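Peer 1: sequence and predicted structure, then a few things I'm wondering about:
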Amino acid sequence: MITFSPGPSKVYDQVAEYLQDAFNQGILSANHRSATFMNLYQETETLIKEKLHVPEDYKLLFTSSATENWEIIAQSIVERASYHIYSGSFGKKWLSFASHLNPETESLKLDTETALDVASLDIDEKFDLIAITQNETSNATEVSNELIAELGQKYPNKMIAVDTTSSMAGIELDFTLADIWYASVQKCFGLPAGLGILILSPKAIEKCNHKGEAGRYNSLSFILENAANYQTHYTPNVLGIYLLKRSLEDRPEIQETDHLLRERMRILENTIAQSEKLMMLVQNPETRSKTVMGISGKEEFIKEIKAEAEKAGMQMGSGYGPLKPTSFRIANFPAISDAEFDKLIKFLKEY
Ligand SMILES: *Cc1c(COP(=O)(O)O)cnc(C)c1O
């Protein structure tokens, strides 16, 4: 069975080999204060910078999930309140965690068919951070690099934090456009769940130092203090970090993956456009995600096509949250091979 679920998603086929190597090399018992671990951390950071084009002076941190990153940002970086621009369930969850910690948190809910209009935004002085979900996995929408750039130009004194959980390592992101970026590895990285990634610019680190929040198990100050020596503040997911390193070594540079995914998405879009039965969840190409396709329909139809796909050996991703009964999702993630993708297209064409 091939899974096209957008998280947890299909892992790279080579993971079997990486796992065996991890065992054989004794990495599973490596102490996280040892040179072995410190080298692993440093090499992984170097690879992330090389392969994903992250600026040299940014810092890679390891957490347990994207969900934890929501809380870390609200707890350790936001000084007064954050302003959340979102359209779907994941953006809404981030807003909810932030509101719990910072009562003055506010938000703007976007329509899935309308691209963010930066010119019309009026974000108050009191908000020191803008939170944006670049790829909203729940409703298959995205916010482009260009719009993130516009946002930064309009609000140079506010920090921008970007949720790229289901796009980092899939599409090319311009990391210079914002100071806080994060993901978790069970989406476009094609690895087993249980590891969160947080990438910070020097400005974001400075803001954390300025706030001075400390004392919690996941206070960013504590994480950074350890990361300065390529260590972590608790016994980390060493296996997850090892798999990330091995996988990054085998991946091409991000522009190549970006090109492949955009090309595949174009084929998927054409297939759906030509079908009489299938309808895209998002009509506007400007807001439509490049890594997750949503297909909408009546409840009966969704049930039927998912069952037919399973019979053909393919598991579709269910709709998320309120969209569960009336949609399904297809991950266009890099770990899905071209042969698997072709099988999907053939199924959709014949359906
Ligand atoms: C999956 C996802 C999350 C949550 O990731 P976890 O690793 O489960 O915490 C957050 N944001 C987006 C956009 C996601 O797709």
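Peer 2: Yes, it's here.

Peer 1: from here on, just use CA atoms for contacts and neighbour counts.
Peer 2: Fine.

Peer 1: can I get the lengthiest helix in the chain in CSV, CA atoms only?
Peer 2: Looking only at the chain and at elements set by DSSP state H, the helix with the highest residue count is helix 254-274. As requested, the backbone C-alpha atoms of helix 254-274 are provided in CSV (Å, rounded to 0.1, in the frame of the first residue of the first chain):
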residue,chain,number,x,y,z
ILE,A,254,16.2,22.2,-2.9
GLN,A,255,15.7,23.9,-6.3
GLU,A,256,15.7,20.4,-7.9
THR,A,257,13.1,19.1,-5.6
ASP,A,258,11.1,22.3,-6.0
HIS,A,259,11.1,21.9,-9.7
LEU,A,260,10.1,18.2,-9.5
LEU,A,261,7.2,18.9,-7.1
ARG,A,262,5.9,21.9,-9.2
GLU,A,263,6.0,19.8,-12.3
ARG,A,264,4.1,16.9,-10.7
MET,A,265,1.5,19.3,-9.2
ARG,A,266,0.9,20.7,-12.7
ILE,A,267,0.2,17.2,-14.0
LEU,A,268,-2.1,16.5,-11.0
GLU,A,269,-4.0,19.8,-11.6
ASN,A,270,-4.4,19.0,-15.3
THR,A,271,-5.7,15.6,-14.5
ILE,A,272,-8.3,16.9,-12.1
ALA,A,273,-9.3,19.8,-14.4
GLN,A,274,-10.0,17.3,-17.2
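
Peer 1: which residues in the stretch 251-351 of the chain form helices?
Peer 2: Under the criterion DSSP state H, counting those that start in this stretch, the stretch 251-351 of the chain contains helices at 254-274, 299-311, 338-350.

Peer 1: measure how the longest one sits relative to helix 338-350, angle-wise.
Peer 2: The reference is to helix 254-274. Between helix 254-274 and helix 338-350, the angle comes out at 10 degrees (axes from the mean of the first three to the mean of the last three Cα atoms, to 10 degrees).

Peer 1: for helix 254-274, buried residues please.
Peer 2: Ile254, Gln255, Thr257, Asp258, Leu260, Leu261, Arg262, Arg264, Met265, Leu268, Glu269, Ile272 (16 or more other Cα atoms under 10 Å).

Peer 1: the residue lying closest to the first one once chain neighbours are set aside - how many residues pack around it?
Peer 2: In other words, Ile254. The shortest distance from Ile254 to any non-neighbouring residue, by Cα to Cα, 6 or more residues apart in numbering, is to Leu52 (5.2 Å). Leu52 has 21 neighbouring residues, counting by other Cα atoms under 10 Å.

Peer 1: quick one on the thing from earlier: out of the buried residues of helix 254-274, the closest to Asp13 would be?
Peer 2: Thr257 (16.3 Å; Cα to Cα).

Peer 1: which ones are touching the residue nearest to that closest one when sequence neighbours are not counted?
Peer 2: Of all residues not flanking Thr257 in the chain, Gly170 sits nearest, at 6.1 Å (Cα to Cα, 6+ apart). Going by Cα atoms under 8 Å, 6 or more residues apart in numbering, Gly170 touches Cys188, Phe189, Ile254, Thr257, Asp258, Leu261, Thr291, Phe333, Pro334.

Peer 1: for the second one, what are phi and psi?
Peer 2: I take that to be Phe189. phi -70, psi -20 (degrees, to the nearest 10).

Peer 1: contact partners of stretch 239-249?
Peer 2: Here stretch 239-249 makes contact (Cα under 8 Å, 6+ apart) with 14-15, 18-19, 22, 27-28, 40-41, 43-44, 47-48, 51, 185, 189, 191-192, 194-195.

Peer 1: need the buried ones from the residues you listed selected in ChimeraX.
Peer 2: Remark: buried members of the contacts of stretch 239-249, expressed as a ChimeraX selection using 16+ other Cα under 10 Å:
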select :15,18,19,22,27,28,40,41,43,44,47,48,51,185,189,191,192,194,195
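
Peer 1: tell me which of the contacts of stretch 239-249 fall in strands.
Peer 2: Secondary structure defined by DSSP state E assigns none of the contacts of stretch 239-249 to strands.

Peer 1: who's in contact with Phe175?
Peer 2: So Phe175 contacts His53, Val54, Pro55, Trp181 (Cα under 8 Å, 6+ apart).

Peer 1: who are the packing partners of the longest helix of the chain?
Peer 2: If contacts are counted by 3 or more Cα pairs under 8 Å, 6 or more residues apart in numbering; DSSP states H and E, helix 254-274 sits against strand 279-280, helix 338-350.

Peer 1: for the last one, buried residues please.
Peer 2: Meaning helix 338-350. Across helix 338-350, burial judged by 16+ other Cα under 10 Å covers Phe341, Lys343, Leu344, Ile345, Leu348.

Peer 1: what of stretch 80-92?
Peer 2: Buried residues in stretch 80-92 (16+ other Cα under 10 Å): Ala81, Ser82, Tyr83, His84, Ile85, Tyr86, Ser87, Gly88, Ser89, Phe90, Gly91, Lys92.
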